[in-house]
Each structure stands twice: as C-alpha cells, then as structure tokens.
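K.L.:
no sequence on this one, just coordinates:
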DNA sequence: ATACAAACGCAACATTGTTGCAAATAATTT
DNA sequence: AAATTATTTGCAACAATGTTGCGTTTGTAT
C-alpha cells in the first residue's frame, strides 16, 4: 500500500512527503470526493491547514485529482481514475451528490449526453451534477 | 420600473425596502448571474455586507433567484424566469460560463438531456454546467 | 396615527483561503 | 555516505468571506 502510494506520487512528479502520502491515502481509502475540511479533519491535527491547501493544489496541477463544484459552495476533490495525467483536462463526467448521506461520487461509467446549445455558443467542457439518493442509502 | 420591482417583491411576500429594490434592480438589469461580491460592488457602498447576505437568502427562499455552483468556488445567483414561486424547486436547467468574459447565464431554452444512472441511484435534480465561449465573445 | 413586525446596520466573531519566510525534509550530486 | 541543492513544511500574519446577536430604523397592518 505504502509502496503503491509512493509510486503514484513519483509517477506524477511529486516528491514524496509524509503529508502527501497521508492525503493521497485518504483519497484512496474513501471511494468518494473529499472537501478541504474533510481532509483536515481526517488527517488529524497532524498537518497545517496551509499544507493541505498546497497539497491539493499540487495534486490538481498534476492531474491527480479534479475538483467538483457543489451547490453549497464547498468544492470537493476526487481522484481521477486513469490519471488525467499530462494536462489539467479530464473527460467530462457526471458527479452524484447523495442528499441523504451527503456523499459525493464520480459516476465514471455514465456518459454525459450531448447537448444542443443556442447559436453562437461553443462548448469546451460539460459538467453534470446530479443530486438524489445513492445506492447504499436506497437500500 | 420601480413599480414593477415593487410588484415582484410583493408577489413574493417580501416587504419592499430600498435594499431589496436595489438588489432586485441589479438582477433585472444584468441578464446574467451575479456573485455576492458583484452585488456588493455594484450596489455601491450603500448597503451593509450582512444585508446583502440576508437579502440573497430571502430571495432564494422565496424562489425569486436560484444559485449556480461554479468551479471556482464562488456561488452565483440568477433570477428565476417564471418565478420558481412556491417552493425552492426550479426546473433542471443548463448554465453556461463563458471562459472569455466570465459571464454566467442560464440557458433557459436548452433542455437537460435524460441521463442513465447506475442501478440503485435515484435522481432528484440535475444541474448542467457548460463552459465555453458565449455568443458575444464568439463574434 | 399607532402598534406591531420585519429588516437594517453595527460590532464581534468564525471560517476559509493566501502570502512570505525561516526551518525541516526530500532529491540530487559528488 | 556526506554534502549540496531544491522543495516542502509550519508558523505568523493577513485578507476575504460568512454568521450571529442586538438595538435602532423602517415597513406593514390595524
């Protein structure tokens, strides 16, 4: 596990430090999105707030994670599946927010349907945000 | 104009005050979404920050405006066309953020395509966020 | 016009995000 | 393996953004 984590960091040209290992581990454990505050809490009081900000930013820049806009003004971050490595781009995809448990997940399998824009508008990226009840809360 | 504004406020069971009239006027003038900071700036130094917060919240609750999540963690607000009056709900719709001018608009005419979720997931609301270049910036 | 209810501004505070810099840690070189 | 270099970290200080309580002002209803 530890080895895997270091590998991922190196593959993304990130020097491996205890903070980055810990935060990446959180992402790997939790199959969902994390807000900054989640990370602060779960990482214990071990790391400075600033470090968390900078780590997330570094992860973002390397394309290890991507950000998910939410309605409640708290950006969440989630691992990119097949490292959107290289640039910042990642394929359009669908995010699901459960209104029961509050969990946010990426629905990687679900494709974003094509959309018809008015004349003159050009689309670059499409983000879909579905809210509802997730699998575990429905059963 | 002033009459129209008062009418809208009354229709939504909001007492008409100078602050609310001013902010509603901003929304009517600007055919796009406004962030809290926009409103503070454009309203001049006339109103307290707290008043703006509370006004937006009141407008939200009455269904006069709705909030639009954005990627940069700055919630924007836009008038609901046919007052989503009554409750908080408004129909699913598409928001467009122009990467050139930064303007955010609701594409009311564009319908959100149906989406196929994995088994066990139930959708309640769908939000689409398209980024790209808008009509005026494309010409 | 008066009484009542709601909204306002102010102050104080909590939370969230940013920046500069010295010390600590990781990567690289010898 | 030790020394050099580059990066990251934590701290402190700050800026921006939200929130709450409360006395005063303003709107609404009688």
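P.N.:
Yep, that arrived. Since the model is a prediction, treat every value here as computed from it, not as a measurement.
K.L.:
Now that residue A:20 has come up, it's in contact with residue A:10, right?
P.N.:
No. The pair residue A:20 / residue A:10 is not scored as a contact, 10.8 Å apart, by Cβ atoms under 8 Å. For every residue, glycine as well, the C-beta is placed using N, CA and C.
K.L.:
between those two, which one's more packed in?
P.N.:
residue A:20 (23 against 11; other Cβ atoms under 10 Å in any protein chain shown).
K.L.:
Can you name the residues that contact residue A:49?
P.N.:
By Cβ atoms under 8 Å, 6 or more residues apart in numbering or on different chains, the residues touching residue A:49 are residue A:40.
K.L.:
Return the backbone torsion pair for it.
P.N.:
phi -60, psi -40 (degrees, to the nearest 10).
K.L.:
And the pLDDT at it?
P.N.:
Note on residue A:49: pLDDT of 95.
K.L.:
With residue A:2 as the reference, measure out to it.
P.N.:
25 Å (Cβ to Cβ, to the nearest Å).
K.L.:
give me every residue that touches the residue nearest in space to the middle of chain A.
P.N.:
For chain A, residue A:78 is the residue whose C-alpha lies nearest the centre (Cα atoms, centre = their mean; 1.4 Å). By Cβ under 8 Å, 6+ apart, the contact set of residue A:78 is A:27, A:32, A:33, A:34, A:65, A:66, A:68, A:95, A:104, A:105, A:106.
K.L.:
Surely the fourth one touches residue A:76?
P.N.:
Yes. At 6.3 Å, residue A:34 counts as touching residue A:76 under the criterion of Cβ under 8 Å.
K.L.:
about what we covered before: how about the contacts of residue A:78, which pair is most distant?
P.N.:
The span of the contacts of residue A:78, defined through Cβ to Cβ, is set by A:27 and A:95 at 15.2 Å.
K.L.:
Can you name the element that comes right after the longest strand belonging to chain A?
P.N.:
Looking across chain A with DSSP state E, the single longest strand is strand A:122-133. With elements assigned by DSSP states H and E, the helix or strand that comes after strand A:122-133 is helix A:135-138.
K.L.:
list the buried ones in that next one?
P.N.:
residue A:137 (16 or more other Cβ atoms under 10 Å in any protein chain shown).
K.L.:
mind listing what whatever residue of chain A ends up closest to DNA strand C touches?
P.N.:
Distances between chain A and DNA strand C by Cβ to the nearest atom of the strand are smallest at residue A:15, namely 3.7 Å. Going by Cβ under 8 Å, 6+ apart, residue A:15 touches residue A:9.
K.L.:
Please repeat the previous calculation with a cut-off of 6 Å.
P.N.:
Going by Cβ atoms under 6 Å, 6 or more residues apart in numbering or on different chains, residue A:15 touches no other residue.
K.L.:
how far is the helix or strand of chain A with the lowest mean pLDDT from where the chain is centred?
P.N.:
The helix or strand of chain A with the lowest confidence, counting by mean pLDDT, DSSP states H and E, is strand A:104-107 at a mean of 89. For strand A:104-107, the separation from the chain centroid amounts to 9 Å (computed by Cα atoms, centre = their mean, to the nearest Å).
K.L.:
swap in stretch A:47-61?
P.N.:
Per Cα atoms, centre = their mean, the centroid offset for stretch A:47-61 relative to its chain is 13 Å.
K.L.:
Would you indicate which residues of that stretch are buried?
P.N.:
Quick answer for stretch A:47-61 (16+ other Cβ under 10 Å): A:47, A:51, A:52, A:55, A:56, A:58, A:59.
K.L.:
unless I'm mixing things up, residue A:120 is touching residue B:134, no?
P.N.:
No. Using Cβ atoms under 6 Å, residue A:120 makes no contact with residue B:134, being 7.3 Å away.
K.L.:
Give me the distance between the two termini of stretch A:76-94.
P.N.:
14 Å (Cα to Cα, to the nearest Å).
K.L.:
what's the average pLDDT for that stretch?
P.N.:
Rounded mean pLDDT across stretch A:76-94 is 67.
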